[in-house]
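Undergrad: Take a look and give me a structure for this.
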Amino acid sequence: MTADGPPELTPVDCYRWINVLEGVQWHTADVVLKMSPKHRPAARTIAGVSARLPWWCDPDGSNLRPSTARIAVACCVDIKTASAVLVILRELGLIMLVSRGGRGKASQYQLTVPSDLLDRVKRLTPAELTQRMRALDPPRPNRPPRSRRNTGGMPTGDQTAGPVDDR
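TA: Predicted coordinates for the structure are as follows:
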């Protein structure tokens, strides 16, 4: 946060925005914690909607125009939840309102990264991410090798002989 006001918002491209959001622990965000538990979207919902937003903007992060209905349908969430996630992202400074929509026209946003993001939400380091991923899928010693599956759609072995009569 700057000394005289709100944090500086830096416009970013889709790739940078996705990289910044990797490892964000949404349940620790001050904006989320201020919400009533009854109306608070789950962390996985915020992460899912956030991961989907770059699909609807230009590569430079501009011209983001998803309607709440589009977000709700594409992300399998309620329309109120879609709206709440947009509010959270806007209040965190991860999206900036460029123009407000109305009467069948969606609002336009720009993907941004605020200067104070790490003061407002916990983000896992790459080492912490790796550690958590390994904990979910620990290596298994003495595991038999995986069988090779035909993934090319072509028949293998005796399957070329044609249909089998199982009478």
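
Undergrad: chain center to the longest helix seen in the chain, what's the gap?
TA: Once the chain is assigned using DSSP state H, the helix that runs over the most residues is helix 79-92. Its chain's C-alpha centre lies 13 Å from the corresponding centre of helix 79-92 when counted by Cα atoms, centre = their mean, to the nearest Å.

Undergrad: Per-residue pLDDT of the spatially most central residue of the chain, please?
TA: When the chain is reduced to its mean C-alpha position, the nearest residue by Cα atoms, centre = their mean turns out to be residue 51, at 2.1 Å. Looking at residue 51, its pLDDT reads 94.

Undergrad: Let me see the contact set for it.
TA: 18, 21 (Cβ atoms under 8 Å, 6 or more residues apart in numbering). In this view, the C-beta of every residue, glycine as well, is placed from N, C-alpha and C.

Undergrad: Please report how far it lies from residue 119.
TA: The spacing between residue 51 and residue 119, counted by Cβ to Cβ, to the nearest Å, is 23 Å.

Undergrad: same check, this time on residue 139
TA: Note on residue 139: its distance to residue 119, by Cβ to Cβ, is 36 Å.

Undergrad: Also residue 83?
TA: Between residue 83 and residue 119 the distance is 26 Å, computed by Cβ to Cβ.

Undergrad: neighbour count winner among these two?
TA: In this view residue 83 and residue 119 are compared by other Cβ atoms under 10 Å, and residue 83 has more residues nearby, 16 against 10.

Undergrad: Could you find the closest non-adjacent residue to that one?
TA: Residue nearest to residue 83 in three dimensions, not counting chain neighbours: residue 68, with 4.9 Å by Cβ to Cβ, 6 or more residues apart in numbering.
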